[in-house]
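A.B. asks: got a structure for you, letters missing:
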């Protein structure tokens, strides 16, 4: 939604992640579940529904003229797969 000035507004929610991220994929059946493949070789599964709610609250705060401060969220991964010996780039969900 454009702000009152007519310029578009970008709402951001970030999550702390261990190391760099090579690939991110959202689960097609539930977009609040995602997987990341890190530069350490670990594949992590996340429930990012809290981040989605934070974005929705950010949009509501802007509509109500409240100040919005972007915060880096600390969400623990639900699962960590550490069997890969190297980092990777191909990541997908099975249906």
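C.D. replies: Sure, I can see it. Remember, it's a predicted structure, so these values are computed and weren't measured experimentally.

A.B. asks: And the top strand by length along the chain, what's buried?
C.D. replies: Among the segments of the chain that qualify as a strand by DSSP state E, the longest is strand 30-38. The neighbour-count check on strand 30-38 (16 or more other CB atoms under 10 Å) flags 33-38 as buried. Placement of C-beta: from N, CA and C, glycine included.

A.B. asks: Also stretch 44-56?
C.D. replies: Applying 16+ other CB under 10 Å to stretch 44-56 flags 44, 46-48, 51, 54 as buried.

A.B. asks: Just the ones of these in helices?
C.D. replies: 51, 54 (DSSP state H).

A.B. asks: Let me know the closest of the buried residues of stretch 44-56 to residue 9.
C.D. replies: residue 54 (15.0 Å; CB to CB).

A.B. asks: So that closest one is in contact with residue 73, correct?
C.D. replies: Yes. Judged on CB atoms under 8 Å, residue 54 makes contact with residue 73 at a distance of 6.8 Å.

A.B. asks: For the chain, which segments count as helices?
C.D. replies: Under DSSP H, the chain gives helices at 49-63.

A.B. asks: re earlier: which residues are common contacts for residue 54 and residue 73?
C.D. replies: The contact sets of residue 54 and residue 73 overlap at residue 13 (CB atoms under 8 Å, 6 or more residues apart in numbering).
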